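Q: sequence first, predicted model second:
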Amino acid sequence: MPSYATILNASLPVFLVIAAGYALRRLRVLTAEADASLLRVTLNLLYPAFIVDHLLDNDALSDPSGVLAAAGAGAAFVLFGFGAAYLTGRLVCREEGRRRTFAVAVGLQNYGFIPIPILLALFDHRTLGIHLTHTVGVEVALWTVGVMLLTGGRSGAWKNLLNAPLVTTLACLAANAAGLSGALPPVAGNAASMLGACAVPLSLLLIGATIRDLSRASEAGGRPGRPAATAAAAVALRLLAIPAVILLCARYLPLSVELKRVLVVQSAMPCAVFPIILARRYGGDAGIALRAVVATSAIAALTIPPVIVFGLRFVGLAGGIQN
């Protein structure tokens, strides 16, 4: 039977580390000048090492149909989220540009560094491998349809798919399929494990610092539009309506146990932070994205444990948590 305390102990440290990053930025210990280099190190070295450590020689990825199902689910639920959020955005965003930003911000759940430590704490190596494969579909949907939404139809951002984490993921999947997963020397595997262990905490610190910066920028620029309505709609959609659809699919579709676990955890996630940055880059409304992230993250800090407990029971995986 899933334990509320177990899930709380897995999720609370994530938000404490994010809060630490926020505090370090406010105290000017973690400076904005350091962000660019730390982000490059994380995305080009630490996170790829994390992927190598958890994907190579993972027997959950030996079945190509399971890999395709995980990636397909990642893309499908993000696309569903974009569509549902765009339609809902008509109620709270009068301007088309803001509606598009709302759709991307609310349609994309946090699929990276918040669910990963929770999955590591609750489940096994196989489940994390399925999650990392699931993110391939999420990335494809984000950098194609997501950016097209933000720009009003213009794309070209698909080139961003060729990033180090995605290339590493595909390379590891190819190595597993070719039977080469055991070719990595033990010393290289140990190095990957050490480097990968740094990826999640450093990324969470950077998320906290980014939220601090964007909060200050939003306050300086005012709060146009209907902030309360936008935040309420984001919470209702991201933390209630979309999770309900995900959990129904996880219960009734013929999916692997590992993918069902991933979907349960994803159903509890708040809005991703990255659309704030994308909105600023592609001419969207960063203020709307920020409000969606702050509102859903504040509530998700309290709701993640009960949602995961309920989700596991609803889907039929009540005994799936490791102690």
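A: Cool, the structure landed. Fair warning: this is a prediction, and the values are worked out from it, not measured in the lab.
Q: for the worst-scoring helix or strand of the chain on mean pLDDT, name the packing helices and strands.
A: Lowest by mean pLDDT, DSSP states H and E among the helices and strands of the chain is helix 274-281, with a mean of 82. Secondary-structure packing of helix 274-281 (3 or more C-beta pairs under 8 Å, 6 or more residues apart in numbering; DSSP states H and E): helix 96-107, helix 147-151, helix 186-221, helix 286-315. C-beta here means a position set from N, CA and C on the backbone, and glycine is covered the same way.
Q: mean neighbour count and distance to residue 29 added to those helices, as CSV?
A: Formatted as CSV, these follow (neighbours: other C-beta atoms under 10 Å; distance: least, C-beta to C-beta, whole Å):
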stretch, mean neighbour count, distance to residue 29
helix 96-107, 26, 29
helix 147-151, 21, 33
helix 186-221, 17, 10
helix 286-315, 22, 22
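Q: would JSON lines of those with distance to residue 273 be doable?
A: Shown next, in JSON lines, are the helices and strands packed on helix 274-281 (distance: least, C-beta to C-beta, whole Å):
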{"stretch": "helix 96-107", "distance to residue 273": "10"}
{"stretch": "helix 147-151", "distance to residue 273": "15"}
{"stretch": "helix 186-221", "distance to residue 273": "5"}
{"stretch": "helix 286-315", "distance to residue 273": "6"}
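Q: picking that back up, show me the contact partners of the least confident helix or strand of the chain.
A: 101, 104-105, 108, 142, 146-147, 150, 210, 214, 284-286, 288-290, 293 (C-beta atoms under 8 Å, 6 or more residues apart in numbering).
Q: and for stretch 244-252?
A: With contact meaning C-beta under 8 Å, 6+ apart, stretch 244-252 is reached by 77, 80, 259-260, 263-264, 266-267, 311, 314-316.
Q: buried stuff in the helix or strand encompassing residue 25?
A: For residue 25, the enclosing helix or strand under DSSP states H and E is helix 4-26. Neighbour-count burial for helix 4-26, counted by 16 or more other C-beta atoms under 10 Å, picks out 6-8, 10-11, 14-15, 17-18, 20-22, 24-25.
Q: work out the gap between stretch 270-289 and the centre of the chain.
A: Offset of stretch 270-289 from its chain centre (C-alpha atoms, centre = their mean, to the nearest Å): 14 Å.
Q: show me what counts as buried in it.
A: By neighbour count on 16+ other C-beta under 10 Å, the buried set for stretch 270-289 is 270-276, 278-279, 282, 284-289.
Q: of all those, which two lie farthest apart?
A: Greatest spacing in the buried residues of stretch 270-289, by C-beta to C-beta: 270 and 282 (21.6 Å).
Q: per-residue pLDDT, residue 195?
A: Listed pLDDT for residue 195 reads 96.
Q: which residues touch the nearest residue to it once chain neighbours are set aside?
A: Excluding the flanking residues, the one nearest residue 195 by C-beta to C-beta, 6 or more residues apart in numbering is residue 49, at 3.7 Å. Contacts for residue 49 (C-beta under 8 Å, 6+ apart) come out as 191-196, 199.
Q: so the most centrally placed residue in the chain is in which element?
A: By C-alpha atoms, centre = their mean, the chain has its centre lying nearest to residue 111, at 1.5 Å. Here residue 111 is covered by no helix or strand, with elements defined by DSSP H and E.
Q: how about the contacts made by residue 303?
A: Taking C-beta under 8 Å, 6+ apart, we find residue 303 in contact with 239, 268.
Q: just the pLDDT for it.
A: pLDDT for residue 303: 94.
Q: for residue 124, same thing?
A: If you check residue 124, the pLDDT there is 87.
Q: cool, residue 2 as well?
A: Looking at residue 2, its pLDDT is 57.
Q: do the same with the one 4 residues further on
A: pLDDT, the model's per-residue confidence, is 81 for residue 6.
Q: now the one 3 residues further on
A: At residue 9 the predicted local confidence, pLDDT, stands at 85.
Q: one more: residue 105?
A: The per-residue pLDDT reported for residue 105 equals 95.
Q: ok, for it, nearest residue in space, not its chain neighbours?
A: Closest residue to residue 105 apart from its sequence neighbours, by C-beta to C-beta, 6+ apart: residue 289 at 3.9 Å.
Q: helices or strands up against the one helix or strand residue 235 maps to?
A: Taking DSSP H and E as the definition, residue 235 sits inside helix 227-236. With contacts defined as 3+ C-beta pairs under 8 Å, 6+ apart, helix 227-236 has these neighbours: helix 64-92, helix 96-107, helix 286-315.
Q: any idea how far the shortest one is from the chain center?
A: Once both centres are worked out by C-alpha atoms, centre = their mean, helix 96-107 turns out to sit 17 Å from its chain's centre.
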